[in-house]
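In: sequence first, then the predicted structure:
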Amino acid sequence: MPDLFIDGTWRSALDERTREIRCPADGSLVGVVDEAGGKDTVEAIAAARRAFDEGPWPTTPAADRGDLLLRVADLLLRDKDALARAESLDTGKRLVESEYDIDDIANCFRYFGRAAAAETGRVVETGTASVDSRVVYEPVGVCALITPWNYPLLQTAWKVAPALAAGNTFVLKPSELTPHTAIHLMRLLEEAGLPPGVANLVLGAGPEAGAPLGDHPDVDLVSFTGGLQTGRRLMAAAAGTVKKVALELGGKNPNIVFADADFETAVDMALTAVFLHSGQVCSSGARLLVEDSLHDRFVDELVRRASQIRLGGPFDERAQSGPLVSAAHRAKVEAYVAKGLAEGAVLRCGGARPSGPEFEAGFYYPPTVLDECSSDMSVVQDESFGPVLTVERFSGEAEAVRLANDTIYGLAGAVFTTDEAKAQRVAARLRLGTVWINDYHPYVPQAEWGGFKQSGFGRELGPSGLAEYREAKHIWRNTNPSPQGWFA
Ligand code: NAD
């Protein structure tokens, strides 16, 4: 069955190109999917435009749109096993992590399903009896939704659910490496009764299938999650037609551990912060800032435990961490570590591919700790997006804050301390979109997600996440019109 979904029809690419998808854990063939080129994407944009300008979806009552999203949430849970398996095969991620993701994805659809109906506008009090004034929310139009490979369906859900809730139509372009769950989602939207042309899917590489989404005049909004360089390119492309732009970009996230932190909790969470999903997490706590007096004890224990993390494929139940997504990505991580060592970092564990026949066909890289780093090193400033932790020392609150903020990024980070007042003071001064105190990584769909500084622009999830996909229109009605006489 063909894999591009355009105007309610499944079809192949116009030039009939395809791409093999292979599992990063062992190189096995997962599937062969259609590979769109720019012309396919332009057709998808036209379909989304028609569905927006002529179709019923933008003017469907918000409560009915919300009901459809709630049906999709149920369908996602019905198909949870198949979806989780597909996500793990495409990404190499542990099955249990994919299963968590599907629950989160269903929750996201549920949240926006309810939010859609909850607030559709507001009355404005003008204080004038002869005026009826209200603000209504309307969809932005045709949305280009472009997503990465690390949490393929989760990142897609964060865009698709609010875009639909607000009444938009869209063209989705997932990462070319991980297309299968996006295909499945389109089938569920169809099954739930979404009108043709509202949801369109193009698969393929960024420069070909993705590029028209950035500058096409019929696209009203670009919502992108991915790397900083691609984000800059898309923002520039969108400027020509002044599209609404939302960018969720990278991070180099500080995890600050004070000497008075609960030791066991802080070590445990420092490991989760950076090694979850092999570090391929935008909010990964890849930058450990540890108070000088605690440094030796803390890093010794962290290194001891990091060295014992078991690597394995998605269906190996004993595995604690999986492979990286591709050979190219592993090469990037390796180059990053080599650069760090050349800059003077001290390798405490990892740093070389694991040996053994079970690792030969996959893109494995072990948990790696680089100690004695400083914030002027590029290894500290740049995002590796792999299982690599850099360690810096600090002394006192002010230095912790200064070092943590000393980066172009501002996505997320954490503070570990038993001193509540200190935690709040530090959290208030961190230039980050999310700050965890004595915790790492949790999020809820009710709270905004997004970055300060060059980590992004705009918000996902929460009320502002829905607001990204809506225009506010002020309607002013004079209930007692009569001549004003200004130019009589
Ligand atoms: P990427 O920028 O290489 O690709 C992301 C998407 O953009 C893919 O679908 C790709 O095909 C597409 N693309 C590439 N060039 C394009 C172009 N010229 N026009 C249109 N589309 C184009 O990123 P990636 O390697 O897939 O993802 C990893 C990055 O994503 C990391 O930097 C990570 O921090 C970031 N990320 C951020 C968040 C967040 O919430 N802030 C979440 C997940 C991932």
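Out: Received it, and whenever you're ready, just let me know what you need. Numbers count the residues shown, from 1 in each chain.
In: now do stretch 90-97: everything it contacts.
Out: 21, 23-25, 30, 84-85, 87-88, 98, 149-150, 152, 177-181, 276-277, 313-315, 319-325, 362-363 (CB atoms under 8 Å, 6 or more residues apart in numbering). (C-beta placed from N, C-alpha, C; glycine too.)
In: any of these buried? List them.
Out: Among the contacts of stretch 90-97, those scoring as buried are 21, 23-25, 30, 84-85, 87-88, 98, 149-150, 152, 177-181, 276-277, 313-314, 319, 321-325, 362-363 (criterion: 16 or more other CB atoms under 10 Å).
In: among the residues you listed, which are located in strands?
Out: Here DSSP state E is the test, and the buried ones among the contacts of stretch 90-97 give 21, 30 as lying in strands.
In: so which of the buried ones among the contacts of stretch 90-97 also contact the ligand?
Out: Among those, the residues within reach of the ligand (CB under 6 Å from any ligand atom) are 149, 150.
In: residues in contact with residue 292?
Out: By CB under 8 Å, 6+ apart, the residues touching residue 292 are 259, 393, 394, 395.
In: for those, which PyMOL command selects only the ones that are buried?
Out: Only the buried entries of these go into this PyMOL selection, using 16+ other CB under 10 Å:
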select buried, resi 393+394
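In: dump the contacts of residue 292 to TSV, plus distance to the ligand.
Out: Formatted as TSV, those follow (distance: CB to the nearest ligand atom, whole Å):
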residue	distance to the ligand
259	30
393	26
394	24
395	30
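In: need the contacts of residue 292 in CSV with secondary structure and pLDDT, can you?
Out: Shown next, in CSV, are the contacts of residue 292 (DSSP: H, G, I helix; E, B strand; the rest coil; pLDDT from 0 to 100):
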residue, secondary structure, pLDDT
259, coil, 98
393, strand, 98
394, strand, 98
395, coil, 98
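In: for the contacts of residue 292, which one is nearest residue 145?
Out: Distance to residue 145, by CB to CB, is smallest for residue 394 among the contacts of residue 292, at 39.6 Å.
In: just checking, the closest one touches residue 400?
Out: Yes. Applying CB atoms under 8 Å, one finds residue 394 in contact with residue 400, separated by 4.7 Å.
In: check contacts around the residue of the chain found nearest the ligand.
Out: Proximity of the chain to the ligand (CB to the nearest ligand atom) peaks at residue 206, 2.2 Å away. By CB under 8 Å, 6+ apart, residue 206 lies in contact with 146, 173, 176, 230.
In: do you know how far the closest residue to the third one other than its chain neighbours is from residue 17?
Out: Excluding the flanking residues, the one nearest residue 176 by CB to CB, 6 or more residues apart in numbering is residue 205, at 4.9 Å. From residue 205 across to residue 17, the span is 10 Å (CB to CB, to the nearest Å).
In: shared neighbours of those two, anything?
Out: residue 35.
In: tell me where the stretch 351-488 of the chain has strands.
Out: 368-371, 388-394, 412-416, 434-437, 456-457, 470-478 (DSSP state E, counting those that start in this stretch).
In: now these in a markdown table, with distance to residue 378?
Out: Output for the strands of the stretch 351-488 of the chain, formatted as a markdown table (distance: least, CB to CB, whole Å):
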| stretch | distance to residue 378 |
| --- | --- |
| strand 368-371 | 12 |
| strand 388-394 | 10 |
| strand 412-416 | 19 |
| strand 434-437 | 25 |
| strand 456-457 | 21 |
| strand 470-478 | 40 |
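In: just say which of the ones you listed is most tucked in.
Out: Stretch with highest mean neighbour count among the strands of the stretch 351-488 of the chain: strand 412-416 (a mean of 29; mean count of other CB atoms under 10 Å).
In: who touches it?
Out: Contacts for strand 412-416 (CB under 8 Å, 6+ apart): 251, 253-258, 261-262, 265-266, 269-270, 273, 282-283, 285, 404, 423, 426-427, 430, 432-440, 451.
In: ok, it: who's next to it in the sheet?
Out: strand 254-257 (parallel), strand 434-437 (parallel) (DSSP bridges).
In: any idea how far residue 236 is from residue 33?
Out: To residue 236, residue 33 is 29 Å away according to CB to CB.
In: which of the two has more neighbours?
Out: residue 33 (22 against 12; other CB atoms under 10 Å).
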